[in-house]
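>>> turn this into a model:
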Amino acid sequence: MAADMFIPATEREYLRERAKKQLEYANLPKMAERKRLWILHNRLEGERPMVVMEEATFIGDILPKPQCRHPLAARMEREINQNIAAYETFDDDKVVPDFFPVNYAISADFLGQKHKRTEAAEGVGFHIDPLFETLELGLPLLSPSEYVYDKSATEAYEKAACDVLGDILPVIRKNTFNQWHFTPTQHVLRLMGMENMYCAMMGEPEDFHKLMSLVTEDLVRCLRWQEENGLLPLNNGNDYMGSGSFCFSDELPVTSASGSENTWGHLNSQESIGISPEQFDEFIYPYYEEIAREFGLVYYGCCEPVHAYWDKSLSHLPNLRKISISPWCDEEFMAERLTATKVIYSRKPSPNFIGIKAEFDEEAFAAAIGKTAAVIRGRCKAEFIFRDIYTLHGNLEKTRRAVEITRNIAETTQ
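As a prediction, the model looks like this:
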């Protein structure tokens with residue numbers, strides 16, 4: 001173990017220099033100002049819409065050539081360089097962290113099953129390989145999930161990070177497991193596939209409710225397990241949540257967490273967009289409502305169009321603070337519905353303007369942003385989140401221009 005932990009001196013020095021560069025950016029006055037703006041925004045007193053360019057899907061386009069070969073050093077390098085590269089490339093409203101995160105190593109075979117899927121050759125798409133086709137066959141196979149915390153792996157990485165970076169960037173433990181885990185229909189899809197899931201609602205409705213109850217109970221039990229094991233820190237600072245947004249908040253506790261009710265949660269149901277509002281209200285919403293009650297504030301949605309389910313179901317979701325307005329969503333409908341509410345319009349513009357080709361059609365892009373701005377003006381608080389951009393085709397400058405254009409147009413809305 002000692003040999004495995006040894007990071008070469010040249011890599012240590014490189015990491016320390018990069019950490020100093022991150023800290024330099026984190027200490028810029030504009031970062032303190034952005035933090036202030038995020039806190040106001042998230043408590044519905046925002047001075048302008050916030051703008052986020054999520055770089056994870058095109059990170060290979062902007063990262064410098066890797067310098068570290070040691071596995072732990074390479075992890076640190078990527079974490080630090082992602083923060084630096086994002087700021088230097090497009091300088092959106094993300095706040096460069098003044099800390100280094102170490103995520104709790106949490107895993108689970110959900111409901112006792114190992115999910116199977118076939119990856120596409122290109123590495124983007126995949127196909128779910130159903131574990132069973134009917135609930136008559138599948139329900140007897142399920143058992144409570146065994147949630148596992150790999151303490152030794154977490155502490156080993158934390159020790160290495162503290163040793164190399166700790167006097168520059170404080171090392172802080174984080175829980176990223178919860179960012180995408182509380183999505184019941186995604187778990188159902190992984191068990192039986194979408195076609196079987198839809199058929200089960202129609203052909204095995206009682207068993208489908210049993211399955212959704214099992215999933216919900218298991219997810220709530222996961223929260224209790226995290227609380228009991230000290231794995232649920234506050235996420236009300238520079239923490240990612242929802243599908244691209246950030247958690248800065250002075251409405252949730254600022255010193256200690258006693259439970260999930262003091263944290264942000266993220267729920268979505270992209271898998272259920274093919275069912276009617278009545279089916280959603282019967283088979284999906286009751287279970288999401290139960291989970292939403294566990295959190296202090298909730299971000300709902302990802303790529304699914306939420307407007308069809310708003311009136312009957314989602315408008316009643318407890319603790320809802322942000323809802324995703326995807327490219328497939330009826331913008332006008334949702335802007336009207338969110339007027340004078342405590343829910344932020346989290347707009348996801350189409351990624352096609354930035355990710356389809358090298359050229360950037362600024363006029364068409366500005367028209368699309370302007371359409372959203374016109375819809376929300378004077379109605380509701382909003383944010384713009386750019387996601388699912390898989391390549392920049394070598395034109396990094398278009399991300400900066402997209403942020404600049406969006407900021408200029410968005411500032412006229414509030």
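>>> what helix or strand is Ile275 on?
In this structure, Ile275 sits in neither a helix nor a strand according to DSSP states H and E.
>>> isn't it up against Met201?
Yes: judged on CB atoms under 8 Å, Ile275 makes contact with Met201 at a distance of 6.9 Å. Bear in mind the C-beta positions are built from the backbone N, C-alpha and C, glycine included.
>>> overlap of the contact sets of the two?
Contact criterion CB atoms under 8 Å, 6 or more residues apart in numbering; residues shared by Ile275 and Met201: Phe283.
>>> distance from the longest helix belonging to the chain to the middle of the chain?
Looking across the chain with DSSP state H, the single longest helix is helix 205-228. The chain centroid and the centroid of helix 205-228 are separated by 21 Å under CA atoms, centre = their mean, to the nearest Å.
>>> can you name the next helix or strand after it?
strand 240-241.
>>> same for that following strand, what does it pack against?
Using 3 or more CB pairs under 8 Å, 6 or more residues apart in numbering; DSSP states H and E, the elements in contact with strand 240-241 are strand 264-267.
>>> so in that sheet, which strands flank the strand it packs on, and in what orientation?
When pairing is defined by DSSP bridges, strand 264-267 lines up against strand 297-300 (parallel).
>>> helix or strand right after the partner strand?
Counting by DSSP H and E, what follows strand 297-300 is strand 320-325.
>>> and the longest helix of the chain, what other elements does it pack with?
For helix 205-228, the elements it packs on are helix 135-138, strand 146-149, helix 178-181, helix 184-192, helix 194-203, helix 285-292, judged by 3+ CB pairs under 8 Å, 6+ apart.
>>> shouldn't Cys302 be in contact with Glu271?
No: under the criterion of CB under 8 Å, Cys302 is not in contact with Glu271, lying 10.4 Å apart.
>>> buried deepest among the helices and strands packed on helix 205-228, which one?
helix 184-192 (a mean of 23; mean count of other CB atoms under 10 Å).
>>> just want the angle from that helix to helix 285-292.
Here the directions of helix 184-192 and helix 285-292 differ by 110 degrees (axes from the mean of the first three to the mean of the last three CA atoms, to 10 degrees).
>>> can you list the residues that contact helix 184-192?
Taking CB under 8 Å, 6+ apart as the rule, helix 184-192 contacts 110-111, 113, 115, 117, 128, 130-133, 135, 138, 142, 180, 197, 200, 211-212, 215-216, 219, 268-272, 284, 287-288, 291.
>>> and if you look at stretch 55-72?
Under the contact criterion CB under 8 Å, 6+ apart, stretch 55-72 has outside partners 5-8, 11, 14-15, 74, 76-78, 81-82, 85-86, 89-90, 156-157, 160-161, 355, 387-392, 394, 396, 399.
>>> what's the ChimeraX line that selects buried ones from the residues you listed?
A single ChimeraX command suffices to select whichever of those are buried according to 16 or more other CB atoms under 10 Å:
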select :7,11,14,15,74,76,77,81,82,85,86,89,90,156,157,160,161,355,387,388,389,392,399
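>>> out of the contacts of stretch 55-72, which are inside helices?
5, 11, 14-15, 74, 76-78, 81-82, 85-86, 89, 156-157, 160-161, 355, 399.
>>> residues making contact with stretch 18-31?
Residues contacting stretch 18-31 (CB under 8 Å, 6+ apart): 77, 80-81, 83-84, 87, 95-98, 100, 165, 168-169.
>>> buried ones in it?
Arg18, Ala19, Lys21, Gln22, Leu23, Tyr25, Ala26, Met31.
>>> SS state for the second one?
Put plainly, it is Ala19. Per DSSP: H, G, I helix; E, B strand; the rest coil, the local secondary structure of Ala19 is helix.
>>> from Cys162, how far out is it?
Taken as CB to CB, to the nearest Å, the spacing of Ala19 relative to Cys162 amounts to 12 Å.
>>> ok, the first one next?
To Cys162, Arg18 is 16 Å away according to CB to CB.
>>> contacting residues for Leu214?
Contacts of Leu214 by CB under 8 Å, 6+ apart are Leu111, Leu139, Leu142.
>>> which one of the residues you listed sits closest to Pro318?
Lowest distance from Pro318 to those (CB to CB) belongs to Leu111, with 24.8 Å.
>>> that closest one reaches Leu142, doesn't it?
Yes: contact criterion CB under 8 Å: Leu111 and Leu142 qualify, at 4.4 Å.
>>> list the contacts of the residue nearest to Gly259 when sequence neighbours are not counted.
Closest residue to Gly259 apart from its sequence neighbours, by CB to CB, 6 or more residues apart in numbering: Glu227 at 5.3 Å. By CB under 8 Å, 6+ apart, the residues touching Glu227 are Ser258, Gly259, Ser260.
>>> what pLDDT does Phe360 get?
Per-residue confidence for Phe360 comes out at a pLDDT of 98.
>>> got it, and the one 10 residues further on?
Gly370 carries a pLDDT value of 97.
>>> now it: closest residue in space that isn't a chain neighbour?
Gly370 sits nearest to Ile409 (CB to CB, 6+ apart), 5.5 Å away.
>>> not counting sequence-adjacent ones, nearest residue to Tyr285?
Tyr285's closest residue in space is Ser313 (CB to CB, 6+ apart), at 4.0 Å.
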